[in-house]
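Visitor: Okay, predicted coordinates and the sequence, questions at the end:
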Amino acid sequence: MLGICYYPEHWPEHMWQQDAQEMKALGLRYVRIGEFAWSRLESTPGNYHFDWLDRAIDTLAAAGLQVIMCTPTATPPKWLIDKYPSILPVDINTGSVRGFGSRRHYDFSSPDYLREALKISEVVAKRYGHNPNVVGWQTDNEIACHDTCHSGSEHAKRAFQQWCKNKYKDIDNLNSAWGTVFWSMEYQDFSQIELPILAVTETHPAHQLAYRRFSSDQVIHFHDEMIKVIRRHAPNRWVTHNFIPMADTQTDNHALAKNLDFVSYDNYPLGRSDLFFAEAPAEKFKPYMRTGHPDYASYAFDQSRGISKQNFWIMEQQPGPVNWAHHNPRPEKGMVRLWSWQAFAHGADCVCFFRWRQAPFAQEQMHAGIKRNDNSKAQAWYEVEQLNAEMARSNLKIGSAVKAKVAIVTGTLNQWVTEIEIQGTSYSQLEVEFAYYSALRQLGLAVDFVSTEDDLSQYSLVVAPCLPIVEQAFVDNCKNSGAHLIFGPRAGAKTNELSLVPNLGPGLLQQLIPIKVLTTETIRPDCSESMTFNGKQYESSRWREELELSESVQVIAIDSSNQPMVVQKGNISYIASLTCDEFLQDYFESIANQVGVSTIRLPKDMRMMQRENLTFIFNYSSQSQFFPDETATQLGSFVLGSAELAPFDVAIIEHH
């Protein structure tokens with residue numbers, strides 16, 4: 001299934017019919033509308049204008065298209081800000097009010113905004129909730145992005161004080177849990193608690209973690225209330241949200257998705273790669289400048305599937321250069337098609353492209369569309385046309401599942417802890433997790449992302465790259481899983497209130513593997529040590545731990561001082577250092593082979609993915625590459641492409 005993001009309010013009405021007919025002819029089925037249209041829908045308080053939107057929906061439906069309606073709450077109009085100025089959030093880095101003139105200019109702790117956002121959502125849901133042409137709903141838009149989860153406002157401070165009172169009940173409980181005796185930070189009343197921002201130096205880590213938990217809860221409450229409004233007035237319609245998984249929103253995505261029917265993701269491989277790999281040297285970045293890293297888009301796809309606990313949608317697919325990254329190259333020809341197939345391979349049931357036509361005005365005028373602003377067809381048009389034709393013969397079944405025997409344990413809490421307690425500036429939870437994921441993908445392995453609360457029994461290999469806070473329930477979950485579990489450094493080192501565990505790291509995980517972390521050092525990336533595994537030399541760098549072992553623990557890898565860097569007992573492994581891609585691939589391959597999970601060493605920049613009876617192969621390279629003939633023969637027959645993949649090409653094998 002394919003779709004498009006469309007803004008009828010941006011274009012003369014006489015263009016709508018031709019647009020709709022061309023969308024249908026291109027093979028598109030769904031059209032998302034309305035997410036930024038509040039000022040056009042409600043020009044002044046209570047003065048609603050729906051005639052234009054009614055006609056737009058009718059025009060799209062007449063062409064055989066189905067509409068995804070959005071709540072317009074990501075862009076509060078100027079009259080609302082003038083009426084309730086305290087809706088605007090306060091920047092936690094400067095203390096200044098973040099003003100009107102862009103988007104997402106609202107504070108999740110503002111009671112005025114919550115009321116007004118639910119009001120406009122209800123008005124829209126009442127009008128279109130039973131419209132047969134509106135088949136689904138999207139809440140808000142990319143909630144909490146642009147660093148909008150946190151606010152330093154008075155609303156936020158008062159709400160945080162109440163949140164602390166609800167959680168800790170008594171101020172002495174809070175003082176004890178946080179350890180406020182340090183630096184004379186003890187409180188006598190909850191009303192004394194400030195937000196942990198704008199201080200002379202670093203604020204208390206437990207205070208910071210509590211504030212992040214509170215801020216996430218505020219976002220989730222706002223979102224859950226909006227979902228309730230939609231469901232009340234739009235029965236038998238699905239509800240989704242276009243996430244930016246894990247990293248950007250500072251919000252517990254698993255909790256945020258709990259009441260949705262499925263998760264959607266906005267896929268911008270070039271824009272986000274430019275930000276994620278901004279510090280990478282040119283020789284590593286340039287080969288992927290116009291394609292994105294082979295594992296970057298799928299990293300988000302698999303997270304989306306994990307958050308949704310089922311298949312997902314791509315609500316926005318990059319069609320050309322964007323406008324918001326540090327640098328905005330054009331995609332290589334063929335990449336829009338490849339990214340779309342890659343999304344389907346990883347569990348997408350629909351890919352919607354952003355946007356139909358490039359806007360000639362405002363902030364996104366440099367953001368490409370399927371059509372250019374003069375209405376001519378951009379390169380992406382022809383790739384969508386090709387994709388639609390290929391889908392008809394691919395035998396891809398919507399709703400078919402991705403099944404993985406390998407899982408990565410993840411969660412926003414891990415990111416919060418490592419951002420609060422930096423310790424070494426070259427340690428990044430996101431980079432560590434991505435490195436582990438990429439190593440697994442280069443071995444041809446499908447990977448699920450799971451939370452600490454998810455059932456692990458279906459997996460043969462479970463990897464936790466960064467898990468500093470561990471609960472007893474998760475340890476019990478591990479004991480019952482039967483999988484081989486691999487923990488990265490920092491695992492189990494902190495209590496739930498971000499203090500050192502009393503029995504040394506890895507804390508509660510000592511129930512699984514009897515080791516202790518005696519000291520931790522962080523070193524510059526250019527001052528790495530060597531590490532030996534199976535007679536081969538690798539890198540030990542950035543984050544290194546000194547371990548004390550019981551006699552029952554086996555040493556798997558050592559550094560140049562004969563200190564254990566990787567240890568194992570039974571089905572539990574612990575990696576005490578950050579390391580290199582080569583080690584991760586070799587080590588994961590050895591463990592996978594031990595537990596009966598088949599791996600394949602793919603050519604550089606080639607990836608594969610299985611979705612039920614189809615195996616998808618992707619060539620990110622600028623050179624033609626061959627998928628191993630013997631593997632292809634064992635799997636089945638090609639229904640798209642062949643074992644020789646052209647640059648930036650896709651092939652699909654249907655299993656026997």
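Guide: Yep, that arrived. Remember, it's a predicted structure, so these values are computed and weren't measured experimentally. Numbers count the residues shown, from 1 in each chain.

Visitor: Do I have it right that I193 meets A159?
Guide: No: judged on C-beta atoms under 8 Å, I193 makes no contact with A159 at a distance of 11.3 Å. No exception for glycine: its C-beta is placed from N, CA and C like everyone else's.

Visitor: dump the residue contacts of the most centrally placed residue in the chain.
Guide: What sits nearest the mean C-alpha location of the chain, by C-alpha atoms, centre = their mean, is P245, with 1.7 Å. By C-beta atoms under 8 Å, 6 or more residues apart in numbering, the contact list for P245 reads N253, Y265, A300, Q303, S304, I307.

Visitor: Only the buried members of the residues you listed: can you turn that into a ChimeraX selection?
Guide: Those of the contacts of P245 that count as buried under 16 or more other C-beta atoms under 10 Å are selected in ChimeraX with:
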select :253,265,300,303,304,307
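
Visitor: could I get the contacts of P245 as TSV with pLDDT, distance to S43 and secondary structure?
Guide: Output for these, formatted as TSV (pLDDT from 0 to 100; distance: C-beta to C-beta, whole Å; DSSP: H, G, I helix; E, B strand; the rest coil):
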residue	pLDDT	distance to S43	secondary structure
N253	94	35	helix
Y265	97	33	strand
A300	96	37	helix
Q303	96	39	helix
S304	97	36	helix
I307	94	37	helix
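
Visitor: Looking at the contacts of P245, which is nearest Q554?
Guide: The closest of the contacts of P245 to Q554 turns out to be Q303 (C-beta to C-beta; 32.6 Å).

Visitor: Tell me the spacing between that closest one and V336.
Guide: Per C-beta to C-beta, to the nearest Å, Q303 is found 21 Å from V336.

Visitor: The lengthiest strand in the chain pairs with which strands, and in what direction?
Guide: Looking across the chain with DSSP state E, the single longest strand is strand 536-549. Using DSSP bridges, the strands paired with strand 536-549 in its sheet are strand 515-522 (antiparallel), strand 529-533 (antiparallel), strand 577-579 (antiparallel).

Visitor: Based on its surroundings, how many neighbours for V406?
Guide: Neighbours of V406 under the rule other C-beta atoms under 10 Å: 25.

Visitor: just the helices in the stretch 351-500 of the chain please.
Guide: Counting by DSSP state H, counting those that start in this stretch, the stretch 351-500 of the chain has helices at residues 379-391, 412-420, 429-441, 472-479.

Visitor: what does stretch 78-98 contact?
Guide: By C-beta under 8 Å, 6+ apart, the list of residues contacting stretch 78-98 from outside reads 39, 43-45, 76, 99-100, 105-107, 110, 112-113, 116, 148, 150-156, 195, 197-198.

Visitor: Phi, psi for E654 please.
Guide: phi -100, psi 130 (degrees, to the nearest 10).

Visitor: F276 contacts Y296, correct?
Guide: Yes: assessed by C-beta under 8 Å, F276 is found in contact with Y296 at 6.7 Å.

Visitor: S376: neighbouring residues, count only.
Guide: For S376, using other C-beta under 10 Å, the count is 9.

Visitor: residues contacting it?
Guide: By C-beta under 8 Å, 6+ apart, S376 has no neighbours at all.

Visitor: Between F276 and Y296, which contacts overlap?
Guide: Joint contacts of F276 and Y296 (C-beta under 8 Å, 6+ apart) are F434.

Visitor: Quick check: pLDDT value at the residue located most distally from the centre of the chain.
Guide: The C-alpha centroid of the chain is most remote from E551, which lies 40.9 Å away (C-alpha atoms, centre = their mean). Note on E551: pLDDT of 96.

Visitor: quick one: what helix or strand has it in it?
Guide: Per DSSP states H and E: E551 is located in neither a helix nor a strand.

Visitor: what's the spacing between it and L504?
Guide: Distance from E551 to L504, by C-beta to C-beta: 18 Å.

Visitor: before we move on, what about N253?
Guide: N253 is 31 Å from L504, where distance means C-beta to C-beta.

Visitor: so where do the strands sit in the stretch 501-650 of the chain?
Guide: 515-522, 529-533, 536-549, 554-559, 564-569, 572-575, 577-579, 606-611, 614-619, 625-626, 636-640, 644-645, 650-655 (DSSP state E, counting those that start in this stretch).

Visitor: Deepest in the core, which of these is it.
Guide: Greatest average neighbour count among the strands of the stretch 501-650 of the chain goes to strand 577-579 (a mean of 27), per mean count of other C-beta atoms under 10 Å.

Visitor: Does F354 touch Q317 like I think?
Guide: Yes: F354 is within contact range of Q317, at 6.3 Å (criterion: C-beta under 8 Å).

Visitor: Could you list the domains of this structure?
Guide: 2-150+220-391, 406-594, 606-655 (automatic domain parsing).

Visitor: so which of these gets nearest A177?
Guide: Across the domains of the chain, closest to A177 is domain 406-594 (C-beta to C-beta), at 4.8 Å.
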